[in-house]
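S.K.: Here's my sequence, what's the structure:
(chains A, B, C and D, ligands or ions: 4)
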Amino acid sequence: MKSLFATLGLPHDASMQGGGTDNLILAVHILMFVLFAGWISYFIYVLFRFHESRTPKADYEGVKSHASTFLEVLVALIEGALLIALAIPVWARTVDKFPSEKESTVVRIVAQQFQWNAWYPGTNGMFVNADPKFVAGDNLFGFDKSDPNFKYNFIAASDFVVPNKKPVLVYLSSLDVIHSFSCRPLRTMQDAIPGIRFPLHFTPNELGTYQINCAQLCGSGHYAMRGTIKVVSQEDYDKWIAQRSKAGGGAGGGYE
Amino acid sequence: MNNPSNEEDSKAVKKHVQQHVMIAVGLALGTIMTVWTSQTNFGSFALNVTITLGIAAAQAFMVAAFFMHLLSEKKLIYCFLIFTAIFFVVMMGITLWSRMPENIIHYKQYVP
Amino acid sequence: MNIPYTVDRREDTGLYNAKLGVWLFLASEVMLFGALFSSYILLRFGADVGTWPRHWLDYKLGAVNTIILIVSSVTNVIAWANLKLGSFSKYRAYQVLTMVCALTFLGIKSTEYYGKFHHFTIICKDGRIADGHIQKAETTADKVVIDGRWAPDMASIMDPPAKFEEQKIEIERKEIVEMHNYGPSRNNFTGLYFTLTGLHVLHIIGGIIVIFAIWGPLNGMWKTDPARYTNRVEVAGLFWSFVDMVWLFIFPTFYLL
Amino acid sequence: MHAETHSHDAHHHEEPGFWQKCIFSTDHKVVGIQYAVTALMFLFAGFSLMLMMRWQLAHPGQPIPFVGKILSHFLGEDMASKEGVMSPDLYNSFGAMHGTIMVFLAIVPLLTGAFGNYVMPLQIGAPDMAFPRLNMMSYMSYFFGGVVMLASFFVPGGAAKSGWTSYSPLATVNDMAHHPNGQTFWLIGMVFLITSSLLGSVNIITTIIQLRAKGLTWMRLPFFVWAQFVTAFLLLLAFPPLEAAGCLQLMDNSFGTSFFLPSGLVISGQKLHVAGGGSPLLWQHLFWFLAHPEVYVLILPAMGIVAEVIANNTRKPLWGYRSLVYASMVLGFLSFVVWAHHMFLTGMGVHIATFFQTTTMMISIPSVIILTALLISLWGGSIRFNTPMLFAVGFLPMFGIGGLTGLPLGFNASDIQLHDSYYVIGHFHYVVAPGTIFAIFAGIYYWYPKATGRMMNEYWGRIHFALSFLFMNLIFMPMFIQGLAGMSRRMYDGGLHYAEQAGVPGLSPFVLSLNKVISYAAFSLAVAQLPFIINFIWSIYYGKKVTSDNPWDATTLEWQTPTPPGHGNFDKEIEVFRGPYEYSVPNHARNFLPQNDPDKAHTPTHEHPVHG
Ligand code: HEA
Ligand code: HEA
Ligand code: CUA
Ligand SMILES: [Cu+2]
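M.R.: Ligands and ions are numbered 1, 2, ... in the order given. All right, here's what the predicted structure looks like:
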């Protein structure tokens, strides 16, 4: 465990890709602390030093040096440096460098008021066809039930399982309103917007169970729209998949 | 300029009236032309749009320039209108730009 | 102290207050309609292929209305010019023309609206699609009567042919799967059409009220303070021309393209 | 809005009645005071909503003492149970209305409506606003919008509950059982508020451009006037897109269109029967296109007030007046191109994200310049610590904290972690609550003697400051800890659902216990406002009478009028000879030299001291 100072109280980072975010947060906060400490000491000194009881007559000219300009330029430069060195590359990695489907665990997560549904392909690794025209009361995701993959696929509500140290590729969408998929210990967040399907990726680095929370107001149950991601070993993961996928011999379904 | 009973002014205004009528006729012709261009196929829809909206923009310019006498207006007003135009372009431009497929995370690759 | 520059121009700006005020107001109007047109573009280009209708509006009515607004703009400017010449009666006469044009515009617009609300597309159980204007008098609780056509497919609804034979169609209510008029909730095209033109109509109505108020109830000022009265007419005219200008864009974007 | 340029006829001498004078007055001072009183009421209302929410956060699921039963009685049992426990829907609508009321009905009207209307024309030596009647209409539109907003609490289904941001589709589908619902009212209310702001800003800009007194050149304007000028432009050009968006959402809400509703929505197991094809992100773009400039509307006039008070109480000119002016213009300009930093996690590609991160970092520079100039202005002063000055000085570090915590939010990569957490809540409250509200307090204490002819009580003013300063920090500082620990905002149970459990990391008991600290600090803050409220009302009748028209020995023109200023403001021709802050001019007998003092010997040949 790093010291509180080094983590700023952020939840322990259990992901492989989250370091960039943490470094940036830390770097910006150091900048902030330094600036604030400098300014506030100057500020308190001035309030004390130039109290009217000490300086009955004000100085018309005040400060003549232009040190502040250098300071302002410096702040701008540091911000620019952070931007170029940390912020932009991290974001580029986040949204541009997607792992291929082959090397990752692929899950489709569909948000709904007020629940997370993870749609797994099952033992054969193929997703069933889905189309809005199939949507009905008993088929919210619009699965094509005549597709052979239908039997393999299953849905895990709220509690998901993924293997450790392997990228997880999530296709995120929503049935009704905007939600936001946020798992802070895994340093990942992305809005789930109805009508659009976004990919997002993260790589767990530690076994354990992590909470997912909904980070976008989505109605009366928003505060309780909780889920978990359980990170397990690859073997346990395969076992779990087999257990759940009907055509793979498991319990199956989960959507009816 | 605000004193209405001025001989020279009155001539100028009369000239203006004539000019305005001409412009109105021009505008009406422009309208007929847009109808015509929109029904003619210039090869591509984009070209059609450009031509039709081009005429509309020209008409709007005439209205602003002459009916709203913007041509002889003060600098200050130009200044404001330029600012407005900039912000309008920014609003429209960036909003549209951000919704271009290549600017939405991996839009092309992953659409169902 | 009185408020300065209600009539005279301020030296450094060369403007009187109301003139500056109205241009600022128009700048905000540019942003208002600009945002709506941006929405139009975004929604149109975001629409799935084949879901954005074309030729749903009668361009002839639209063109006539465009010309009417242009005429009203020019009569309005001429009215003001006459006022500058000191001819109050001519001003009043021209301004009557302006108002008549504006009211004609509203008249045409309302028949267009009326038509859209009575125009239905009906999808039957057997998949056939009928499209036409409802005949209120003959429509009953169990059958719908329209004057229109049978459309071969949805594409022909989204882009109807310029000419077709109109016939009377009777459909049993129980045959109908879906029935929707061309009101705002039909799709984003009609929605935007009603929102934008609706807002524009509100501007027209506002313009008429202002022009009328200056023309009638408030014209006493012509005697007490003619210069200021002329300024008022000018400022109202600027607004009026702007409303005309907005229509010059509404017309091609909705009626033609 | 056309040509309503009536000035008051000078030959109109009969004494106007109560209605004429107090309700339908067109005098900018009366309108300003109307704005001030109404907006303070709304400030109080917004705070009251938050107090009830804070109770729920500190004691989730427990009946609210005193008011719980009343809520249940008036709003129905689906909003608050018989015992007085707040429901999630009520929490959400209070949250949405707290944000809306604070931003649109309290702070902006106070800054632009009250101070802008009352002080600005006096400071430029104008007899009134350029369009007095428009001014009255602006107030009435504001008032009406406020009434509509308040009325929405009592419609079936309750007030708007989709956040002050009203994101579609939630805003449209939230309350489909009722029609018209709270959201309909919210949208209609917003249209009135926007209209009011538009009328107000046309008026303010025209007034500043046209009615400056003789000799009052641009670079002699008090900084507060500049701040109002830039602010008015922000309102003028940023509000219309929200008005457009509001109209579109109103159509979605009431006429079945689907501008912001995509195809294929499934709401609680049912396909939604709308045409579809809309874009939820379009709403967000149009909303934030307004709402980002709006946050600078919340801060720029506040900076203006602080600048006035600081110059007056350091008894020396502001340092870097010109850089202040230019920085605020740059701030205004840039504020139009940063809006999507609120939308970093809506699926933005690299180019867009880079663009908005860069502009966001750029916009922090003018803020730094303004803050720095104000800080440096203190150097060499002879600082008087009266109540206005205490609040103005308190503003500086508070805005500093708020602004600095904006930086980690401004980077897309760190926003992944901090978005939607209490860190954001802490960030912006530091700028608007101990920031802007302190500036407003400073302004009230400072200009109160001009408006009423009496001083507010100094002793209680100091107590008000000390307690407010303490409790504000106790409220908002812990929010950063909560936010970094990963606590999300808009949580009905204060994050209890995400408490750490055996084997599942989560919010620690310490982080959760901060909820109580914050809440009790908020209740104490409420108590700390009592001295202010009593002082404010008491001083109208019993405050110490001012002995001169210029009790603070100030230089700007508002102090050269009678107290309180009569109709038409100035009883003499005003001519301005120098910059706004000629304090402690060397070799001058007094330590201040009013702008209109025709003292030839001390009229600088250049417009402003060299170091400007
Ligand atoms: C007045 C209001 C105000 C102001 C001025 C600001 C200023 C800034 N804001 Fe803030 N912001 C809000 C109000 C404001 N904000 C609100 C209301 C929200 C949330 C809306 C919602 O979602 O509901 C928000 C949210 C918000 C976000 C979105 C967060 C998210 O939802 O994930 C971001 C991201 O970039 C951001 C960034 C910034 C930045 C970079 C500044 C910069 O301009 C700040 C620049 C200032 C400085 C850098 C300070 C300089 C410091 C000094 C000079 C030294 C200090 C002095 C002493 C110690 C004496 N803000
Ligand atoms: C200008 C804006 C503004 C201001 C001033 C405030 C002020 C305060 N806000 Fe608010 N707040 C918002 C804008 C603002 N807020 C917004 C936009 C949101 C987001 C909403 C959303 O999620 O959609 C929010 C959300 C928000 C939350 C998060 C809720 C959640 O996410 O679930 C919290 C939590 O504590 C909070 C607390 C407070 C507190 C304690 C104050 C206190 O500082 C209040 C202090 C008030 C006073 C000190 C008033 C004193 C004055 C008087 C008493 C009047 C006197 C009267 C007379 C003399 C007549 N606010
Ligand atoms: Cu789902 Cu909030
Ligand atoms: Cu912002």
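
S.K.: quick one: the residue nearest to residue D:54 when sequence neighbours are not counted and residue D:258, what's the gap?
M.R.: Distance criterion C-beta to C-beta, 6 or more residues apart in numbering or on different chains; nearest residue to residue D:54, sequence neighbours excluded, is residue D:519 at 4.0 Å. Any C-beta I mention is one placed from the backbone N, CA and C, and that applies to glycine too. Separation of residue D:519 from residue D:258 (C-beta to C-beta, to the nearest Å) stands at 41 Å.

S.K.: The two - which one has more neighbours?
M.R.: For residue D:519 versus residue D:258, neighbours defined as other C-beta atoms under 10 Å in any protein chain shown are more numerous around residue D:258 (27 against 21).

S.K.: Does the residue nearest to residue D:54 touch residue D:60 like I think?
M.R.: No. Counting by C-beta atoms under 8 Å, residue D:519 does not reach residue D:60; the two are 11.0 Å apart.

S.K.: Contacts only, for the residue nearest to residue D:54.
M.R.: Residues counted as contacts of residue D:519 (C-beta atoms under 8 Å, 6 or more residues apart in numbering or on different chains) are D:54, D:55, D:57, D:58.

S.K.: Quick check: the two most widely separated of those residues?
M.R.: Farthest apart among the contacts of residue D:519 by C-beta to C-beta are D:55 and D:57. That separation is 7.3 Å.

S.K.: where do the helices sit along the chain?
M.R.: As the question left the chain open, I've gone with chain A. All helices of chain A, identified by DSSP state H, fall at A:4-7, A:19-49, A:67-82, A:88-96, A:234-244.

S.K.: The intended chain is chain C.
M.R.: C:17-46, C:59-84, C:88-118, C:154-158, C:188-215, C:221-224, C:226-250.

S.K.: Same question for the stretch 51-200 of chain D.
M.R.: Here the stretch 51-200 of chain D has its helices, by DSSP state H, counting those that start in this stretch, at D:68-75, D:88-100, D:108, D:116-123, D:132-151, D:170-173, D:182-210.

S.K.: Give me the contacts around the second one.
M.R.: It refers to helix D:88-100. With contacts defined as C-beta under 8 Å, 6+ apart, helix D:88-100 is touched by A:217, A:219-223, D:46, D:49-50, D:52-53, D:56, D:71, D:75, D:78-80, D:86, D:149, D:152-153, D:158-166, D:182, D:186, D:490, D:492.

S.K.: Among the residues you listed, name the buried ones.
M.R.: Among those, those classed as buried by 16 or more other C-beta atoms under 10 Å in any protein chain shown are A:217, A:219-220, A:222-223, D:46, D:49-50, D:52-53, D:56, D:71, D:75, D:79-80, D:86, D:149, D:152-153, D:158-166, D:182, D:186, D:490, D:492.

S.K.: List the residues that contact the residue of the stretch 151-257 of chain C found nearest ligand 1.
M.R.: Going by C-beta to the nearest ligand atom, ligand 1 is nearest to residue C:195 of the stretch 151-257 of chain C, at 26.7 Å. Residue C:195 makes contact with C:36, C:184, D:247, D:248, D:251, D:257, according to C-beta under 8 Å, 6+ apart.

S.K.: for those residues, which one is nearest chain A?
M.R.: In terms of C-beta to the nearest C-beta, no member of the contacts of residue C:195 lies closer to chain A than residue D:257, at 15.6 Å.

S.K.: What's the local residue count around that closest one?
M.R.: Other residues within reach of residue D:257, judged by other C-beta under 10 Å, total 28.

S.K.: Likewise for residue A:117?
M.R.: 20.

S.K.: what's the neighbour count on the residue lying closest to it once chain neighbours are set aside?
M.R.: Excluding its sequence neighbours, the residue lying closest to residue A:117 (C-beta to C-beta, 6+ apart) is residue A:110, at 4.7 Å. Neighbour count for residue A:110, taken as other C-beta under 10 Å: 23.

S.K.: How about the contacts made by residue A:110?
M.R.: By C-beta under 8 Å, 6+ apart, the residues touching residue A:110 are A:116, A:117, A:119, A:141, A:173, A:174, A:175, A:192.

S.K.: Ok, residue D:272 next?
M.R.: By C-beta under 8 Å, 6+ apart, the contact list for residue D:272 reads D:173, D:261, D:265, D:266.

S.K.: Helix, strand or coil: sort out the one residue in chain D that gets nearest to ligand 3 for me.
M.R.: At 7.9 Å from ligand 3, residue D:490 is the closest residue in chain D, using C-beta to the nearest ligand atom. Taking DSSP: H, G, I helix; E, B strand; the rest coil as the rule, one finds residue D:490 in the coil state.

S.K.: I'd assumed residue A:217 was in contact with it.
M.R.: Yes. Between residue D:490 and residue A:217 there is a contact at 4.8 Å, judged by C-beta under 8 Å.

S.K.: what do these two both touch?
M.R.: Common contacts of residue D:490 and residue A:217 (C-beta under 8 Å, 6+ apart): D:92, D:163.

S.K.: How much space separates the residue of the stretch 451-600 of chain D found nearest ligand 2 from residue D:34?
M.R.: Ranked by C-beta to the nearest ligand atom, the top residue of the stretch 451-600 of chain D for proximity to ligand 2 is residue D:489, at 3.5 Å. Distance from residue D:489 to residue D:34, counting by C-beta to C-beta: 34 Å.

S.K.: How about residue D:226?
M.R.: Noted for residue D:226: a distance of 25 Å to residue D:34, by C-beta to C-beta.

S.K.: go on, residue D:324?
M.R.: Applying C-beta to C-beta to residue D:324 and residue D:34 gives a distance of 30 Å.

S.K.: who's more crowded, the two?
M.R.: Applying other C-beta under 10 Å to residue D:324 and residue D:34 shows that residue D:324 carries more neighbours, namely 25 against 22.

S.K.: Residue C:20 reaches residue C:14, doesn't it?
M.R.: No. Residue C:20 is beyond contact range of residue C:14, at 9.9 Å (criterion: C-beta under 8 Å).

S.K.: Which neighbours do those two have in common?
M.R.: Counting by C-beta under 8 Å, 6+ apart, the shared contacts of residue C:20 and residue C:14 are residue B:76.

S.K.: Quick check on those two: which one has the bigger neighbour count.
M.R.: Using other C-beta under 10 Å as the criterion, residue C:20 and residue C:14 rank with residue C:20 on top: 27 against 14.

S.K.: Next up, the contacts around the more buried one.
M.R.: By C-beta under 8 Å, 6+ apart, the contact set of residue C:20 is B:76, B:77, C:13, D:205, D:206, D:209, D:210.

S.K.: sorry, back to before: which of the contacts of residue D:519 sits closest to residue D:464?
M.R.: Distance to residue D:464 across those (C-beta to C-beta) is lowest for residue D:54, with 20.5 Å.

S.K.: Run a quick neighbour tally on the residue in chain A that chain D sits nearest to.
M.R.: Nearest residue of chain A to chain D (C-beta to the nearest C-beta) works out as residue A:195 at 2.6 Å. Neighbourhood size, residue A:195 [other C-beta under 10 Å]: 19.
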